[in-house]
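Visitor: here is my input, please return the structure:
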Amino acid sequence: MTTHFDLAPYQAPLLFLVAAGVVVPLFKKLRLSPVLGFLLAGALVGPHGLGRLHAILPVEIPFLAKTGQIATLAEFGVVFLMFNMGLELSLERLVLLRRYVFGLGAAQAAACGLALMACALLLGQGWAAAATLAIALALSSTAIVMPVLAEKKRLNSYSGRAIFSVLLFQDLLVAPLLLVLSMTNEGGGADLLWAFAWALAALALIAGLGRIALRPFFRLVAEANSNDLFIAACLLVVMATAVTAAYAGLSMALGAFIAGLLLAETEFRRSVELTIEPFKGLLLGLFFVTVGADLDPARVLAQPLTTLGLALGLTLLKAPIVFALARAFGAKPQKAREIGLLLAPGGEFAFLILTAAATAGLLPRELANDAMIGVTLSMAFIPPLASFATRAPKSARVVVESTAPDLAAAERVLIIGYGRVGQIVTELMRAHKLDYLCIDADPGVAAREKERGEPVYWGDATRPDFLESCGLATARAVIVTMHTPSAVDEVVRIARAARPDITIVARARDAGHARHLYALGATDAVPETTEASLQLSEAALVDIGVPMGLVIASIHEKRDIYRKALIAEGDVAASAPRRFSGRRKKRSG
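Guide: All right, here's what the predicted structure looks like:
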């Protein structure tokens, strides 16, 4: 039966859904990286795998798409990844990790790059090809290493944050590398000078318009209070900046990176990061499917010394170099081993750089393909290397890990709500030199306070994923000052479920609401009516002439009596979290 249905537009989605729906869940069940699943899926259904069936079958199999049909869509995976990297490169994070980002990160890139370049020159490559190969192969895999560290709960360990710092520096390198490669592709002499000027003008336009328009634009969208519109706005910014950069002759990823940098210092950073994450993950997965589809297993078998040798040689060369550098920066042998092994394999940006270099004529296409196969194979080593790296000797397993001060996790106090109550709380936090981060649902409040230098971010604190993105996992305490009781209840419930050990102090409407908050797991619930009565009594007693010391002691005693009564009436005395005893002791002294 003949049909006029055009299958071509649907082949890319079918290919991706086969990978995401079948292969990737299988890899998760086997506790392997989903990235490896995407690569394998691409290799299986690509032109060098099951795609060879087209030559012998009389009909076309729907999900065996040609890689060219999905290359354009897959490119947005890298675009969203670079946008997300721009969001992460806040000045605050760079200052916190500056010694390891610009020290260990720069040393790793330089040392590994020089070693790889020397090897390429010894193997007969020219200076341009050797330098390009060295730059591409010196980079590590953020897309695999960071999820592996998160799965093993190593992100906030010394080695985890050191690895993150090195990857952060590598991410900083990618944007200028893409710029140089984009201009190199334009030619030489006057053409190159014109391309450089045009590129600078395009970057200035994107940065200038972004600085002027992004914050008012997102404020307008946030005031609409529609999650759908906010998602659409995020996608618009990523797509518009990427396309603008591409139109100017630059890479789409570079334009998205600049947009991320501009949004990183705004009050919308946390919400944008959370909104973009699913799209980045899905499209980056599609990018890896296309990379896997370009892998030719026959080529690996035909040239095993070249491909497997490159993967093993790359890992064996970089690992001791990074290990030595980590030791020089103060890491203990066990931690340095973990840092060296996880950063030794190649990374996903090597595909981008090698493709751009081959297009610009800096590398022969065959050599670029062999290098990409080697990088892919080396990335497959990361999960087993991570398991081996974290396997400590029995004698060392009882040792408690210490963290260097500049690598310590940020132990902030999260303040939910920045109204009158929240502002007073932050004043006291500043007075006692405590680090804090505020969340408010009013975009106008967040914008105003952000301009004043306060760390206030716009977002919905009743979303568990948003609280997590604001640092709930490492927070010192959560103080809930919102005036809506239902919202206070939800935040307390989420925080207690995520962190059984954390201190939660919540504002309550009245005694009944306070009892409910204690039942939800609040460490302290402060009823507005009770506190107003106690403060009124304190002022009256002092004005009457009762000595201040006696008044303060009686007020504190009465507050403790009320608190115990509220817990008892809520029938949660047995399961209530330990009270904030440090504050009580100070008041009773």
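Visitor: isn't A371 right up against A350?
Guide: Yes. Shown here, A371 and A350 form a contact pair, counting by Cβ atoms under 8 Å, at 7.3 Å. Heads up, the C-betas are built off the backbone N, CA and C, glycines and all.
Visitor: what residues are shared contacts of the two?
Guide: Shared contacts of A371 and A350, defined by Cβ atoms under 8 Å, 6 or more residues apart in numbering, are found at 136-137.
Visitor: where do the helices sit along the stretch 101-250 of the chain?
Guide: Listed in chain order, the helices of the stretch 101-250 of the chain (DSSP state H, counting those that start in this stretch) span 105-122, 127-138, 142-151, 158-184, 190-223, 227-247.
Visitor: what angle do the first one and helix 127-138 make?
Guide: Orientation check (axes from the mean of the first three to the mean of the last three Cα atoms, to 10 degrees): helix 105-122 against helix 127-138 gives 130 degrees.
Visitor: run the angle between helix 105-122 and helix 158-184 for me.
Guide: Put simply, helix 105-122 runs at 60 degrees to helix 158-184, going by the same axes, to 10 degrees.
Visitor: residues contacting the closest residue to A326 other than its chain neighbours?
Guide: Nearest residue to A326, sequence neighbours excluded (Cβ to Cβ, 6 or more residues apart in numbering): A336, at 3.8 Å. A336 makes contact with 159, 323-324, 326-327, according to Cβ under 8 Å, 6+ apart.
Visitor: pLDDT score assigned to the residue nearest the centre of the chain?
Guide: Residue closest to the mean C-alpha point of the chain, counted by Cα atoms, centre = their mean, is E88 at 6.4 Å. As predicted, E88 sits at a pLDDT of 72.
Visitor: and it, how far from G260?
Guide: Counting by Cβ to Cβ, to the nearest Å, the gap from E88 to G260 is 8 Å.
Visitor: go on, V45?
Guide: Distance, V45 to G260, using Cβ to Cβ: 32 Å.
Visitor: which one's more surrounded, the two?
Guide: G260 (27 against 23; other Cβ atoms under 10 Å).
Visitor: what's the helix or strand for the residue nearest to that one when sequence neighbours are not counted?
Guide: Ranked by Cβ to Cβ, 6+ apart and with sequence neighbours excluded, the top spatial neighbour of G260 is G86, at 2.1 Å. Element membership of G86 [criterion: DSSP states H and E] is helix 67-88.
Visitor: then I494?
Guide: Secondary structure assigned from DSSP H and E places I494 in helix 485-498.
Visitor: got the CA positions of that helix in PDB?
Guide: Listed in PDB are the C-alpha atoms of helix 485-498, where the atom choice follows Å, rounded to 0.1, in the frame of the first residue of the first chain:
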ATOM      1  CA  PRO A 485       0.200  29.900  56.700                       C
ATOM      2  CA  SER A 486      -0.300  27.300  53.900                       C
ATOM      3  CA  ALA A 487       3.000  28.300  52.300                       C
ATOM      4  CA  VAL A 488       4.800  28.200  55.600                       C
ATOM      5  CA  ASP A 489       3.400  24.700  56.300                       C
ATOM      6  CA  GLU A 490       4.600  23.500  52.900                       C
ATOM      7  CA  VAL A 491       8.200  24.900  53.300                       C
ATOM      8  CA  VAL A 492       8.500  23.400  56.700                       C
ATOM      9  CA  ARG A 493       7.300  20.000  55.500                       C
ATOM     10  CA  ILE A 494       9.700  20.000  52.500                       C
ATOM     11  CA  ALA A 495      12.700  21.200  54.500                       C
ATOM     12  CA  ARG A 496      12.100  18.600  57.300                       C
ATOM     13  CA  ALA A 497      11.700  15.800  54.700                       C
ATOM     14  CA  ALA A 498      14.900  16.700  52.900                       C
END
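Visitor: now that helix, how far from the centre of its chain.
Guide: 24 Å (Cα atoms, centre = their mean, to the nearest Å).
Visitor: for that helix, packing partners?
Guide: The helices and strands touching helix 485-498, judged by 3 or more Cβ pairs under 8 Å, 6 or more residues apart in numbering; DSSP states H and E, are helix 464-469, strand 477-480, strand 503-508, helix 511-520.
Visitor: so what's I144 up against?
Guide: Taking Cβ under 8 Å, 6+ apart, we find I144 in contact with 33, 35-36, 348, 379, 382-383.
Visitor: now for these: which two are most distant?
Guide: By the measure Cβ to Cβ, the contacts of I144 have their two most distant members at E348 and P383, which lie 15.1 Å apart.
Visitor: what residue ranges in the stretch 201-350 of the chain score low on pLDDT?
Guide: In the prediction, the stretch 201-350 of the chain carries residues with pLDDT under 70 at positions 249-250, 281, 283-284, 294.
Visitor: redo that, cut-off 80
Guide: Using pLDDT under 80 as the threshold, the predicted model of the stretch 201-350 of the chain has low-confidence ranges 201-203, 246-254, 257, 265, 277-307, 348.
Visitor: where do the domain boundaries of this structure fall?
Guide: Partitioning the chain according to automatic domain parsing yields domains covering residues 9-392, 410-508, 529-589.
Visitor: as CSV, the ones you listed with distance to R515 would be great.
Guide: Formatted as CSV, the domains of the chain follow (distance: least, Cβ to Cβ, whole Å):
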stretch, distance to R515
domain 9-392, 31
domain 410-508, 9
domain 529-589, 4
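Visitor: would you single out the least confident of the ones you listed?
Guide: Least confidently modelled of those is domain 529-589, at a mean of 62 by mean pLDDT.
Visitor: ok, then the element right after the host helix or strand of L377?
Guide: L377 is part of helix 365-379 when elements are defined by DSSP H and E. Tracing the chain C-terminally past helix 365-379 and defining elements by DSSP H and E, one meets helix 382-389 next.
Visitor: distance of the nearest residue to A222 once chain neighbours are set aside relative to F102?
Guide: Nearest residue to A222, sequence neighbours excluded (Cβ to Cβ, 6+ apart): P443, at 3.6 Å. Shown here: P443 relative to F102, a distance of 34 Å by Cβ to Cβ.
Visitor: the two: who's more crowded?
Guide: Neighbours were counted for P443 and for F102 using other Cβ under 10 Å; P443 has more, 22 against 15.
Visitor: the more buried one and E223 touch, don't they?
Guide: Yes. With contact defined as Cβ under 8 Å, P443 reaches E223; the gap is 5.6 Å.
Visitor: then stretch 462-472 to PDB, C-alphas only?
Guide: C-alpha atoms of stretch 462-472 as PDB (Å, rounded to 0.1, in the frame of the first residue of the first chain):
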ATOM      1  CA  THR A 462       7.200  25.600  48.000                       C
ATOM      2  CA  ARG A 463       8.900  23.700  45.200                       C
ATOM      3  CA  PRO A 464      11.300  21.100  46.600                       C
ATOM      4  CA  ASP A 465      13.600  21.400  43.500                       C
ATOM      5  CA  PHE A 466      13.900  25.100  43.900                       C
ATOM      6  CA  LEU A 467      14.800  24.900  47.600                       C
ATOM      7  CA  GLU A 468      17.400  22.300  46.600                       C
ATOM      8  CA  SER A 469      18.900  24.600  44.000                       C
ATOM      9  CA  CYS A 470      19.200  27.300  46.700                       C
ATOM     10  CA  GLY A 471      21.400  25.100  48.800                       C
ATOM     11  CA  LEU A 472      19.000  23.300  51.200                       C
END
